[in-house]
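**Student:** Mind looking at a prediction? Sequence and model below.
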Amino acid sequence: MNFKHLIAAGMACFLITASCNKDDNPPSGNGGGGNPGGGNPGGGGNTGTLKISGATPAYAFWGKEVTITGTGFSANAADNIVSIRGYGVTVSDTVMSVDVVSATATQLVVKVPYKLVTGGGDTVYRGFDYGKFRVKINDKMVTADSNSRFVGIPSINNICYTFGQQQYQYAVQPGDSVVMSCGIPGIYGNDQYFESLRVYINGAKVTSAKRLLNAICGGLIFYLPPKDYCDLNNCTVPSPGGVHIPTRPARKMTFQLKIEGTDIAGPKKEFYVINQPNTQVVGTVGGNFSKSGGGNPYGEVTGKFFHFKNIRWSTAGLADVHTSPPAHDVNSTSLKVYIPLSILEAYGNGARTYMVYGITSCDEVMAIGQVNILP
């Protein structure tokens, strides 16, 4: 639709900080004279060498469980002090503590840590994108040889939408495609989890498609079907920051990102969904138009608040004809509706009358004229 504009303004994205992954395993010697290569960790009666051999899954969501395998762990969960030396810009800490769910001498089940930060009406999750697990028992500590990947909670950075001359960051409109900037820490733009990201509005999933904003973060393009969102409560959109937003029927709705096939969902964020203003037709299309005369004739419709998605031409005994709407936006006060002479038919040697209708983006049918097609 020509009166709407799909925009993608500069939006904040999660960036991954490059960091050197140095081997920070402590020396394996045991100054206390215990087991060589890691020593006696003590606790739980285990005298094996303290060692991390792996962690599964190697690619885990924040808040989910990971199983660390190795030797020398304490069967008493409280004796195992687990942490992650992590990287990424989502936290300022270089080390985060890890909760131990259960423990044996060879396995530790832990939860991937993250922080919940609230303020300014937003809920923000912060955690590591990748890092190495550490296990400490008494005075002995061991660090995994390789990094694990961590997947963050999906979050909405912003919705940016342009209608007419105004750019809105608080409202979207039915019948239009909207660009949402979003991110999942630890997820790259071509990652499987980003492909599975979906938009939910008031709990209902809407059609969405991936759109890369740069190599490591992305956005979604989603569409608000008019049939679902045109019947709105009569509240109005505020004008924060002094930006003028016309007074129009609206409803505040909750937007949320979910990763399909998982139980991972981001925090809900509220935006206004604004309804189309009622189209008002003052002057209509009319007149006689000859097929033999050819050319590119048009009729003019006058009024305001036009938001047609197509034009329908109807006559008795023939199938309706649909054409694209004339170029316009909501501020237009007149429309040049071109007569599709090559498609419309005369009535033998006489005139055939066509009723002309405009179909709005909310599927309303409005009479906008009547024309006669001559041979």
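**Tutor:** That came through fine. Numbering: from 1, shown residues only.

**Student:** CA atoms for contacts and neighbours, from now on please.
**Tutor:** Will do.

**Student:** Flag the helix or strand of the chain with the lowest per-element mean pLDDT.
**Tutor:** strand 4-5 (a mean of 36; mean pLDDT, DSSP states H and E).

**Student:** Surely A78 forms part of a strand?
**Tutor:** No - applying DSSP: H, G, I helix; E, B strand; the rest coil, one finds A78 to be helix, outside a strand.

**Student:** related to what we said a few turns ago, next SSE after the least confident helix or strand of the chain?
**Tutor:** Using DSSP states H and E, the helix or strand that follows strand 4-5 towards the C-terminus is strand 51-56.

**Student:** Only the buried residues of that next one, if you could.
**Tutor:** By 16 or more other CA atoms under 10 Å, the buried positions in strand 51-56 come out as 51-52, 54-55.

**Student:** what lines up beside it in the sheet?
**Tutor:** Strand pairing for strand 51-56, using DSSP bridges, gives strand 65-71 (antiparallel).

**Student:** Residues touching the strand it pairs with, excluding its own?
**Tutor:** 48-57, 60, 105-112 (CA atoms under 8 Å, 6 or more residues apart in numbering).

**Student:** Let's verify D228: helix, strand, or coil?
**Tutor:** Of the three states, D228 takes helix under three-state DSSP.

**Student:** Report the separation between it and T106.
**Tutor:** 54 Å (CA to CA, to the nearest Å).

**Student:** between those two, who's got more neighbours?
**Tutor:** Comparing D228 with T106 by other CA atoms under 10 Å, the one with more neighbours is T106, at 19 against 11.

**Student:** residues contacting the more buried one?
**Tutor:** Neighbours of T106 in contact, by CA under 8 Å, 6+ apart: 69-73.

**Student:** same thing but at 6 Å, please
**Tutor:** Contact analysis of T106 by CA atoms under 6 Å, 6 or more residues apart in numbering lists 69-71, 73.

**Student:** A209 now?
**Tutor:** Applying CA under 6 Å, 6+ apart, the residues near A209 are 220-221.

**Student:** ok so, going back, if you rank the contacts of T106 by neighbours, which is first?
**Tutor:** Most surrounded of these: other CA under 10 Å gives F73, at 33 neighbours.

**Student:** Once you drop chain neighbours, what's closest to it?
**Tutor:** A105 (4.4 Å; CA to CA, 6 or more residues apart in numbering).

**Student:** which element follows whichever strand or helix holds R85 toward the C-terminus?
**Tutor:** Assessed by DSSP H and E, R85 sits inside strand 81-87. Next helix or strand after strand 81-87 toward the C-terminus (DSSP H and E): strand 95-103.

**Student:** mind listing what's buried in that next one?
**Tutor:** Quick answer for strand 95-103 (16+ other CA under 10 Å): 95-100, 103.

**Student:** Any chance you could list what contacts stretch 287-306?
**Tutor:** Contacts of stretch 287-306 (CA under 6 Å, 6+ apart): 279-285, 330, 333-339, 341, 371-375.
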